Structures are given as C-alpha cells and as structure tokens.
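> How does the following fold in three dimensions:
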Amino acid sequence: MWKLFTKKDKRTSLEKEIEEVLEVMTYHQPESKEYTTISKNLELLYKAKSLEPKREWPVKLDTIITVAGSLLGILLILDYEKEDSVTSKALGFIVKGRV
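Sure thing, here's the model as predicted:
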C-alpha cells in the first residue's frame, strides 16, 4: 500500500555506479594512489555515460496532447468564423500558454 507514495528510482545502473564511486572518493585523501585510481575510473564512467543514448523524449506526451487540443480548438473556431461571425465567448476555451 505504501508503494503508492514512494518515488521510483529512475537512475540507470551507470548513474548509480558513478554515485557510489563519488561516495568512495570522500573517504580517501587526494594525495593517495587510491584516490588517483578512483578518479581515473570515475573519468571512464563519465565517458561511458556520455556515449549512452538518451532514454526520454525532450517533450512529454501530455504536453503534445495539450498543444494538439488547443490547435484543434483554434481551427474549429476559425472554420466557424469563415461561415459566421464569432458572437459567443468561444475564445475563452482556448488554453493560454504558461511560461
């Protein structure tokens, strides 16, 4: 039941590994050989992360649906305006953009 209120961890295994390496680095002195080795491994992990393909769309699906609905409403109003003049407050139904 309580799983409804917990956030799902969306990090990849590579991102989790980077966080673990960063945490291990805090326990070593910057002058030590272990720190140098860990930093080289961290650099390799970041290079691997940069080669990883993007998983998500830059625009969410609900945003696309909202924009399409607004455009459809505008087109319907414009089509009606060709035949008759707009005398009602139909323009109030158009979703205004949010910044």
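> list the buried ones in stretch 73-80?
Along stretch 73-80, not one residue counts as buried under the neighbour rule (16 or more other Cβ atoms under 10 Å). Using the backbone N, CA and C atoms, a C-beta is placed for each residue, glycine as well.
> Let the chain start at 42 from now.
In the new numbering, first residue 42, that becomes stretch 114-121.
> domains of the chain?
For the chain, automatic domain parsing gives the domain ranges 52-92, 102-134.
> Helices along the protein, start to end?
54-66, 74-92, 102-124 (DSSP state H).
> among the domains of the chain, where is the model least confident on average?
The minimum mean pLDDT among the domains of the chain belongs to domain 102-134 (a mean of 78).
> Need phi/psi at Lys48.
The phi/psi pair for Lys48 (degrees, to the nearest 10) reads phi -90, psi 140.
> Tell me how many other residues crowd it.
A count of nearby residues for Lys48, using other Cβ atoms under 10 Å, gives 5.
> go on, Val65?
Neighbour number of Val65 under other Cβ under 10 Å is 14.
> How much space separates Leu119 from Leu113?
The gap separating Leu119 from Leu113 is 11 Å, by Cβ to Cβ, to the nearest Å.
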